[in-house]
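> pasting the sequence and the predicted model now:
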Amino acid sequence: MVKKGIIFAAFVADHISPPVISGWREHKKEVAVMLLTVERVDVWAVDLDDRPGALDEKLAGLAQAGVNIEFIIARRRGEGSNKAVVFLTPLVGEKQESAGKALGFAIAQGLRSLRVSGPDEPGKAHMVLRALGAEGINLRGVSAATIGREFVMHLAFDSDTDAAKAEQRLARPL
């Protein structure tokens, strides 16, 4: 399931201009509107052997089904483990989902995810995470990257309730 929404978030900065009349200062606010896109995304996961070529075998099967992976994290299960885990998104449509299931992928249970993207600027992750923390929303995990002038964050939550709260919070000005 992918639920998309475009969110306009306003960032307000107070500025004091030079005196207009002796003893007076004009006070004005500048509002910059920033476009954020917030999408609920299903994260698919699979365990695999920790050996050379194991991840490629899974990805080759997905590529044959026409999957265009937007996000992937692969890591060893733990020190000394001979298992790894892969998380990726999206698998869209019956053909891609069937291919993923045939390769052992399943929607990660207990993991709810939002994909947040928009124009990048210094401190963007801080602004998003501060807004969520102020609402008492706990994150299970965060992954983020900047590509060109755009940022993408994948926010993971333990419950649908937390994901819905985060989605609602990100609909308001940061």
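That came in fine, so what should we check first?
> list the contacts for the residue positioned nearest the centre of the chain?
Closest to where the C-alpha atoms of the chain average out (C-alpha atoms, centre = their mean) is His154, at 1.9 Å. By C-beta atoms under 8 Å, 6 or more residues apart in numbering, the residues touching His154 are Val41, Val43, Phe71, Thr89, Ser113, Leu114, Arg115, Val116, Gly141, Val142, Ser143, Ala144. Bear in mind the C-beta positions are built from the backbone N, C-alpha and C, glycine included.
> turn those into TSV, including secondary structure and neighbour count.
Formatted as TSV, these follow (DSSP: H, G, I helix; E, B strand; the rest coil; neighbours: other C-beta atoms under 10 Å):
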residue	secondary structure	neighbour count
Val41	strand	19
Val43	coil	20
Phe71	strand	16
Thr89	strand	22
Ser113	strand	21
Leu114	strand	22
Arg115	strand	20
Val116	strand	22
Gly141	strand	14
Val142	strand	14
Ser143	strand	14
Ala144	strand	16
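> nearest to Glu135 among those residues?
Minimum distance to Glu135 across these is 13.6 Å, recorded for Leu114 (C-beta to C-beta).
> Val116 pairs with what?
Val38, Met153 (DSSP bridges).
> surely it and Val152 touch.
Yes: the pair Val116 and Val152 qualifies as a contact (C-beta atoms under 8 Å) at a distance of 7.4 Å.
> quick one: end-to-end length of stretch 107-120, please.
Stretch 107-120 has an end-to-end distance of 29 Å (criterion: C-alpha to C-alpha, to the nearest Å).
> ok, stretch 61-80 next?
28 Å.
> can you check stretch 155-172 too?
Start-to-end, stretch 155-172 (C-alpha to C-alpha) is 17 Å.
> buried sites along that stretch?
Across stretch 155-172, burial judged by 16 or more other C-beta atoms under 10 Å covers Leu155, Ala156, Phe157, Asp162, Ala163, Lys165, Ala166, Glu167, Arg169, Leu170.
> can you lay out those as a markdown table showing secondary structure, distance to Leu59 and pLDDT?
Shown next, in a markdown table, are the buried residues of stretch 155-172 (DSSP: H, G, I helix; E, B strand; the rest coil; distance: C-beta to C-beta, whole Å; pLDDT from 0 to 100):
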| residue | secondary structure | distance to Leu59 | pLDDT |
| --- | --- | --- | --- |
| Leu155 | strand | 24 | 97 |
| Ala156 | strand | 21 | 96 |
| Phe157 | strand | 26 | 96 |
| Asp162 | helix | 30 | 95 |
| Ala163 | helix | 27 | 96 |
| Lys165 | helix | 34 | 96 |
| Ala166 | helix | 29 | 96 |
| Glu167 | helix | 30 | 94 |
| Arg169 | helix | 34 | 94 |
| Leu170 | coil | 31 | 93 |
